[in-house]
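In: starting from these lines, generate the structure:
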Amino acid sequence: MEVSELLDRYQEGKRKFPWIDLEGRSLSGAQLPGVSFLRGKLAGVDLSGANLARSHLFKADLQGANLQGASLIAVNFGKANLTGANLRDADLTDAILAGTILDNADLTGAILPKDPTPPPTQETELETEIPEPEPPSMTPPLPLEETSSEVNAYNDEDFAYRMGWHGKAFYDRLPRTSLGALVLGYAIAGGLFQAYLLPLSAIAAWVIATAWVFDDAWTWFPSLFVSISLPMALMSGGLMVWVQAIPAIVVAMISFFNLKGWGYTGYRSLKGSLFFAGLTLAGLVNITLLMGVTQGGISLEFFLLFLSAVLSIGAGMPSWMTMRHVGYNRRQTLKTMAIASGVGLVGGWVLAWMF
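Out: Numbers count the residues shown, from 1 in each chain. Just a heads-up that it's a prediction; the model follows:
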C-alpha cells in the first residue's frame, strides 16, 4: 500500500490495516493515533516524530525502523521485532513490550514504561495474541461481518483457548457470509471438475486453498488456480496449452528480474512473478474460453458456472483474515478453511456425479 492511500483511508475513518507492507516508506511526522498494523511489514520505515499513541503493532516487523522522537504512548508492541530500531527520545509511556525483540535498538533518551509488561506465558506465547486497544473516540464503523461480540475478542487474551474447537463461542464469531461464499465457489468448482473428470485438479485446488498459511500474499492464488485449470482442461491438444503458457512464462521472467532489480528479496520476487504470470495465463485462457462460448463450442451454462466459482472463491478466501483478526488462532483458522473448501469440493463432485 502506498503512503498516500494509507493516509487517505485513515482520514476516512479506517484504523485496521493488518499485514500491511510499508517497508522502507516514509511516514515521518504522520498523525496515526489508534492505528492497527497487526503483523505489519514495517522494516526500515521512517516514523520519526510520528504520533502512534494507543496503536496496535502486535507481531509487526520493525527491524531497522526509525522511531526517533515518536509518540508511542500505550502502543502494543507485543512480540514485535524492533531489532536495530532507532527509538531515541521516543515516548514509550505505558507501552506493552511483552515478548518484544529489542536487540541492538537505540533507546537513548527514550521514556520507558514505568511497569514493564511481563513476558507472556507459554500458553499465551503459542496460541493467543495480546488484545488490541480500541479507544472509543478513534473506533471506525464496524465492517458488515464484524459484530460487537467479535470485537470483544480483542479484550480477551484467552479467547482462542476458552473457545476451543467446538461450542457456541467458536461458531458465533465465524464470518458466515464469506465462508458461505467459499463453500459455494468450491462446490461449483467441484461439480465442474467432476464433469470433466479432473480428480487431480480437484485435489490440487483443495491443497492450494490453504496457500495463505505460508504468506498472506498467496490469498488470491486459489481462485487464480481454478480460473486457469478449468479452461485449460477444455483445450484440445498440448500445442494449445503451450501457446497460452509461453506468454505467461515470459511475463514471469521479466517480472522476477524487474522485482529483483527494485530491491525485493528472491522469495518476494518469485512470489510476485508467479502472481503476474498467473494473471496473464488466466486472462489468455479465459479469452479463449469466451471465444468458445461465442462460437458455440462451449455452453453459456458452463461459462456462467465457471465465472460464479471463480468469483465466489475470490470473495470467500479473505475469510481467514477476518478469523485471525477477530481472535481465532492459526490452527483453528486453518482447520476451518480446509473443511470449508473440502466440503465444497466433495459436495459439488458428489452432486454432479449423482445428477
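
In: contact partners for residue 17?
Out: Applying CB atoms under 8 Å, 6 or more residues apart in numbering, we find residue 17 in contact with 1, 6, 9, 35, 36, 37, 38, 40. Any C-beta I mention is one placed from the backbone N, CA and C, and that applies to glycine too.

In: if you set the cut-off to 6 Å instead, what comes out?
Out: residue 37 (CB atoms under 6 Å, 6 or more residues apart in numbering).

In: quick one: it and residue 42, what's the gap?
Out: 11 Å (CB to CB, to the nearest Å).

In: ditto for residue 6
Out: Residue 6 is 12 Å from residue 42, by CB to CB.

In: please apply the same query to residue 199.
Out: Distance from residue 199 to residue 42, by CB to CB: 44 Å.

In: compare those two (neighbour count), which wins?
Out: A direct count of neighbours by other CB atoms under 10 Å for residue 199 and residue 42 places residue 42 higher, at 27 against 10.

In: tell me the contacts of the residue nearest to the more buried one when sequence neighbours are not counted?
Out: Excluding its sequence neighbours, the residue lying closest to residue 42 (CB to CB, 6 or more residues apart in numbering) is residue 62, at 4.9 Å. When contacts are counted by CB under 6 Å, 6+ apart, residue 62 touches 42, 80, 82, 85.

In: now with 10 Å?
Out: Neighbour list for residue 62: 37, 40-45, 47, 77, 80-85, 87, 100-101, 105 [criterion: CB atoms under 10 Å, 6 or more residues apart in numbering].

In: which residues in this structure form helices?
Out: For the chain, the helices defined by DSSP state H cover 3-11, 122-127, 148-151, 159-163, 168-172, 176-195, 199-208, 221-234, 238-261, 266-294, 300-316, 319-326, 330-354.

In: can you say which of those is nearest to residue 25?
Out: In terms of CB to CB, the element of the helices of the chain nearest to residue 25 is helix 3-11, at 5.3 Å.

In: how about residues contacting that closest one?
Out: 1-2, 14-15, 17, 20, 22, 25-27, 30-35, 37, 45, 140.

In: in PyMOL, select just the buried ones from those.
Out: Buried residues among the contacts of helix 3-11 (16 or more other CB atoms under 10 Å), as a PyMOL selection:
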select buried, resi 15+17+20+22+25+27+30+32+33+34+35+37+45
